[in-house]
Each structure stands twice: as structure tokens, then as C-alpha cells.
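Trainee: structure for this input, please:
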Amino acid sequence: MKPRKSPPAGSAALQSGLVIASHGRHCVVETADGQRVICHPRGKKSQAVAGDRVLWQASQDEGCIERIEPRRNLLYRQDEMRTKSFAANIDQALILLAAEPAFSEHQLARALIACQAAGITPLIALNKADLAAAFSHAWLRLAPYRRMGCTVLPLAAAPAAAPGAAAMHALTPQALAAAHLAGRVTLVLGPSGAGKSTLINALIPHARAATGEISQALGSGRHTTTATTWYWLDAARTSALIDSPGFQEFGLRHIAPAQLAGLMPDFAPHLGACRFYNCTHLHEPGCGVRAAVHDEGADDGSASQAISPSRYRIYADLSAELDQQAWQARGKA
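Mentor: Okay, here's the model as predicted:
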């Protein structure tokens with residue numbers, strides 16, 4: 001349904017609505033009966049994001065958001081330049097990776113840490129299961145994430161890939177939706193080339209047209225990927241996907257250095273085994289985390305609590321980054 005600029009007649013009173021797209025300071029709000037209205041927030045600092053429940057009011061040729069209802073959660077990233085909100089009130093985040101091109105484990109770790117901090121359940125889907133050799137290598141790289149309790153799913157998003165991926169027991173988009181997306185609001189994140197557009201178009205055939213209409217209405221032109229957009233998966237509007245850009249740069253400036261280890265599930269079992277209560281897990285003697293770092297090799301389905309060397313290197317890199325940012329912030333205070 002194409003968003004319109006004219007709010008419903010006789011709608012001066014506050015109405016409830018759902019933000020289904022946002023770009024800059026404008027957004028599209030969907031009403032309870034499915035109508036869509038272009039709105040802008042009242043006040044310079046009020047910023048609604050996809051998934052927000054809002055109260056809005058008709059204002060001449062558009063709507064004005066008067067209040068954002070309390071959020072269950074908000075997934076966002078923060079770097080030195082700005083804070084970027086992805087979506088609010090979501091049930092889970094689907095982090096889509098691909099066998100090719102090779103994914104960045106640092107990017108994956110950043111997304112998982114942000115989800116953990118926001119209390120949002122992550123799912124990892126590894127796409128392009130038809131590329132047998134590349135897929136096997138990528139699947140092995142994800143062994144530490146399966147061991148620490150993450151759900152990791154094999155996926156064949158492209159229709160032509162499904163027959164070749166059968167031996168890998170890969171999910172089709174429809175099987176993924178039935179088993180893991182039904183009845184939930186899911187934010188989809190993924191780097192370029194992972195197949196995010198292929199997945200969304202397979203599940204929502206009208207997605208491209210809907211995105212174009214929303215982009216035109218919001219004035220974001222041909223750069224449709226700059227707008228975070230909500231799509232219903234079913235006519236009853238019980239399941240939804242939110243497509244969002246911004247995976248390439250996933251700043252964690254909003255995470256305090258002391259929080260980092262507690263947001264990494266494979267570190268959690270070892271945090272109480274350190275000799276010092278304020279252990280940074282970087283150089284102190286008697287550190288339970290560093291003692292748990294060793295390579296388990298291939299994933300054998302065991303319940304090992306080992307921390308992989310790659311995960312520990314990510315922790316050390318992020319810890320140095322967050323410490324540097326905290327030092328810079330103190331210097332500017």
C-alpha cells in the first residue's frame with residue numbers, strides 16, 4: 001500500500017500507529033486498519049524508528065508524531081560520529097552470512113554483542129549452502145558460536161541453489177520462515193553479498209515495489225537501502241521482517257569496556273574464576289578466561305566451554321578499541 005501524505009479525514013485526535021519505515025526525520029506510520037501516513041516527529045531530538053509504537057496526530061498534509069510509546073528494546077550502534085538506531089520492539093535479529101564472500105568474524109561478534117546488550121535473541125543463518133567447499137569451511141568457522149549456544153542455521157536463499165544444497169540439509173526461505181520467523185518480529189542484518197535482498201524478495205514478493213514506494217514517499221530517492229523498512233510476512237500481520245542497512249560499520253561505543261566480557265556468552269562461565277575481581281582478562285595472573293582459551297578443533301557437538309583463540313583475539317581487539325574511546329571521551333569532558 002502506497003504511503004499517502006494526507007491523513008484520514010477527521011483524525012485530529014491522537015491515534016496509535018506503528019512505524020514501518022524511517023529515513024532522516026521522516027517516517028511512515030501504519031494505522032490499525034492498515035493505512036499508511038507520512039509523519040515527522042515533534043521536536044528536534046525525537047526520533048522514531050521502525051518497530052516503534054507511536055501516538056500521532058493529523059497536521060495539515062501529513063502527520064505529526066506526538067509521543068513514542070515505551071520500547072521493549074532498541075538495537076543500535078554508536079561510533080565516534082553518530083548513533084544509528086536499527087529498530088525497536090523486535091523479538092530477534094537474523095544475522096545473515098554467506099559462504100562466499102567470506103564473512104568478517106569481527107562484524108559478527110559486534111552484532112552479537114549489541115544484541116546481547118539490548119536483550120535481543122540472535123539467529124545466525126549461513127547462506128549459499130550449494131557452494132559445498134566454501135560452505136563447509138564457513139560452517140567450521142562458526143563452530144565456536146554453536147558451542148556457546150547460538151542458533152546457527154544452514155540456508156539456501158536462492159531458488160536455484162536449493163537442489164544443490166539438499167545434502168547440507170539447508171533451509172529454503174519458506175522453511176526458515178515457518179520454523180523460525182512465524183509469530184515474531186525479526187530484524188535482518190547482513191553484509192553486502194550475503195543474500196539479504198534475495199531472502200527478503202523470496203519471502204515477500206512485493207518487497208521491491210513496496211520499498212520503492214516508501215523511498216519515493218520519504219524522499220530518499222534511488223538509495224532505498226538507506227531506509228529501514230518493515231514488511232509483513234502474513235496477511236494476519238502476526239509475523240514481520242525488518243530490513244536494515246548498516247552492518248558494515250557496527251560501532252560499539254555505547255558499550256563500557258567493563259561490560260564487554262559479560263556480553264560474550266563463551267566468556268560468561270569463566271568470569272567467576274579469575275583471581276582478581278576487576279580482572280580485564282588481558283594480562284592478569286590467575287585469569288579464568290585466559291585459562292579457558294584453547295582450540296577445540298572441529299565442531300563435534302560437544303558441550304565444551306572452551307573459548308576459541310579467534311574469539312579471544314576479537315575480545316582483545318574490542319577491549320583496546322573501547323578503552324581508547326573511553327580515554328578520548330574523558331579527555332573531552
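Trainee: okay, CA-based contacts and neighbour counts for the rest of this
Mentor: Will do.
Trainee: can you tell me how far Ala235 is from Gly183?
Mentor: Taking C-alpha to C-alpha, to the nearest Å as the criterion, Ala235 is separated from Gly183 by 12 Å.
Trainee: ugh, wrong one, I meant Leu140
Mentor: Taking C-alpha to C-alpha as the measure, Leu140 and Gly183 are separated by 31 Å.
Trainee: what of Ile95?
Mentor: Shown here: Ile95 relative to Gly183, a distance of 18 Å by C-alpha to C-alpha.
Trainee: equivalent analysis for Asp91, please.
Mentor: From Asp91 across to Gly183, the span is 9 Å (C-alpha to C-alpha).
Trainee: who has more neighbours, these two?
Mentor: Of the pair Asp91 and Gly183, Asp91 is the one with more neighbours under other C-alpha atoms under 10 Å, namely 18 against 15.
Trainee: show me where the stretch 51-200 of the chain has its strands.
Mentor: Counting by DSSP state E, counting those that start in this stretch, the segments of the stretch 51-200 of the chain that form strands are 53-59, 62-68, 74-78, 83-88, 92-98, 121-127, 151-154, 185-189.
Trainee: indicate which one of those is closest to Ile38.
Mentor: Distances from Ile38 to each of the strands of the stretch 51-200 of the chain were compared by C-alpha to C-alpha, and the smallest falls on strand 62-68, at 5.8 Å.
Trainee: now Glu284, what's its secondary structure?
Mentor: Under DSSP: H, G, I helix; E, B strand; the rest coil, the three-state class of Glu284 is coil.
Trainee: might you report the residue contacts of it?
Mentor: Neighbour list for Glu284: Phe276 [criterion: C-alpha atoms under 8 Å, 6 or more residues apart in numbering].
Trainee: how about Glu30?
Mentor: Neighbouring residues of Glu30 by C-alpha under 8 Å, 6+ apart: 17-20, 36-37.
Trainee: pLDDT score for it?
Mentor: On pLDDT, Glu30 comes in at 95.
Trainee: is it true that Arg25 touches Gln47?
Mentor: Yes: because the distance of 6.8 Å satisfies C-alpha atoms under 8 Å, Arg25 is recorded as touching Gln47.
Trainee: need the residues touching each of these two.
Mentor: Shared contacts of Arg25 and Gln47 (C-alpha under 8 Å, 6+ apart): Pro41.
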